[in-house]
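[1] kindly return the folded structure for what I paste below:
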Amino acid sequence: MTQVNIGLLHPGAMGISLGATAVNSGQKVWWVSENRSSDTRDRAERRGLADAGNLAKLCGICDVIISCCPPHAARTVAESVVSCNFKGVYADLNAISPQQSIQIGERVNLAGVEFVDGGIIGGPAWEKGTTWLYLSGEKADTIARCFNAGPLETQTMGVAIGKASALKMCYAAGTKGLTALYCAIMAAAENLGVRTELEAQWERDEKGSADQVRTRVRRVTAKAWRFSGEMKEIASTFESAGVPGGFHLAAHEIYDRVARFRGCEDLPDLEEVLKALAGGENK
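    All right, here's what the predicted structure looks like:
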């Protein structure tokens, strides 16, 4: 494959692993340092990404642009690329509903940009066989080839925009939705004075399960700010499919309550998390 100039927006924890896979696959990967943190700059430099300086320059250099950002920013990022007169292939890999993916696709298509819908399942792609990028759209194969050396795995799902996002939403509805449910269960049990007995019963059911839940509830606080918006996208996805979305709207509120722990160097104490979940310390 001829080397492709890829613009990566933005190289956070997940995005930088995508950039590293693209570099490993022989591609030239660009990013935008303007208004980004020193931590982001360090990540980009360590993984061999080239700095375009600003978005306008990146759009002029690149054949492909990859959007990997929090779901609430997906539409804004797409609009910013369109405003810079980009004319290549735009791949939205964000955790958004298929309806929103279709709408963003229609918007960029009107500007003469090819659109690819993507959904990532798994954590940052540093080991082969752990993270999958699902792609749908007319140019899905083009995006898949940008990552052909791994460790990120790719799978195309045909030309229908929204299909990759639908899979991502359904998968995350279970994994992240279940964590939100455990958060709510633990907070309710704490306030009702039965957490000790509940954990003992979990241990009778499966040894070690209580500790796993405690750890899961504490760990999710680091990403709750990002998962909050994703839960709203899942609710919208479910409702469009004729399924009630209320469970994941509640999950959105649960994650929003513990989003205040973002940026903590250490995992917060379980009691702090449960207090925030129960409404005692929302922000």
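[2] pull the helix or strand with minimum mean pLDDT from the chain.
    helix 38-46 (a mean of 89; mean pLDDT, DSSP states H and E).
[3] what's that one packed up against?
    helix 13-24 (3 or more C-beta pairs under 8 Å, 6 or more residues apart in numbering; DSSP states H and E). Heads up, the C-betas are built off the backbone N, CA and C, glycines and all.
[4] and the contacts of the least confident helix or strand of the chain?
    10-12, 16, 19, 31, 33, 51 (C-beta atoms under 8 Å, 6 or more residues apart in numbering).
[5] try stretch 175-194
    By C-beta under 8 Å, 6+ apart, stretch 175-194 touches 195, 198, 213-214, 216-217, 220, 227, 230-231, 234, 247-248, 250-251, 254-255, 258, 270-271, 273-274, 277-278.
[6] re the thing from before, which of the contacts of helix 38-46 sit farthest apart?
    Gly12 and Asp51 (15.9 Å; C-beta to C-beta).
[7] more neighbours, those two?
    For Gly12 and Asp51, the more surrounded residue by other C-beta atoms under 10 Å is Gly12, and the numbers stand at 19 against 16.
[8] count the neighbours of the spatially closest residue to Tyr182 that is not a sequence neighbour for me.
    In this structure, Tyr182 finds its nearest non-sequential neighbour in Val213, 5.2 Å apart by C-beta to C-beta, 6 or more residues apart in numbering. Residues within reach of Val213, counting by other C-beta under 10 Å, total 19.
[9] send the alpha carbons of the strand or helix carrying Val213 over as PDB?
    Assigned by DSSP states H and E, Val213 belongs to helix 209-219. Extracted as PDB, the C-alpha positions of helix 209-219 are listed here (Å, rounded to 0.1, in the frame of the first residue of the first chain):
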ATOM      1  CA  SER A 209     -16.700 -11.500  43.100                       C
ATOM      2  CA  ALA A 210     -17.200  -8.900  45.800                       C
ATOM      3  CA  ASP A 211     -13.700  -7.600  45.500                       C
ATOM      4  CA  GLN A 212     -14.000  -7.500  41.700                       C
ATOM      5  CA  VAL A 213     -17.100  -5.300  42.000                       C
ATOM      6  CA  ARG A 214     -15.400  -3.000  44.500                       C
ATOM      7  CA  THR A 215     -12.400  -2.600  42.200                       C
ATOM      8  CA  ARG A 216     -14.700  -2.100  39.100                       C
ATOM      9  CA  VAL A 217     -16.600   0.700  40.800                       C
ATOM     10  CA  ARG A 218     -13.500   2.500  41.900                       C
ATOM     11  CA  ARG A 219     -11.600   2.100  38.600                       C
END
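[10] and the next helix or strand after that helix, how far from the chain's centre?
    Later in the chain than helix 209-219, the nearest helix or strand by DSSP H and E is helix 224-240. Centre-to-centre, helix 224-240 and its host chain are 11 Å apart (C-alpha atoms, centre = their mean, to the nearest Å).
[11] now tell me what touches helix 224-240 from outside.
    70-72, 95-100, 165-166, 169-170, 172-173, 176-177, 180, 220, 244-249, 251-252, 255-256, 258-259, 261-262.
[12] make it 6 Å
    Identification of contacts with helix 224-240 by C-beta atoms under 6 Å, 6 or more residues apart in numbering yields 70-72, 95-97, 99, 169, 173, 176, 245, 248-249, 251-252, 255-256, 258-259, 262.
[13] report how many residues lie close to Glu45.
    Neighbours of Glu45 (other C-beta under 10 Å): 13.
[14] meant to ask about Ser240, not that
    15.
[15] going forward, the N-terminal residue is numbered 302.
    With the count now opening at 302, the last piece we talked about shows up as Ser541.
[16] give me the beta-bridge partners of Val417?
    Taking DSSP bridges as the rule, Val417 bridges to Ala392.
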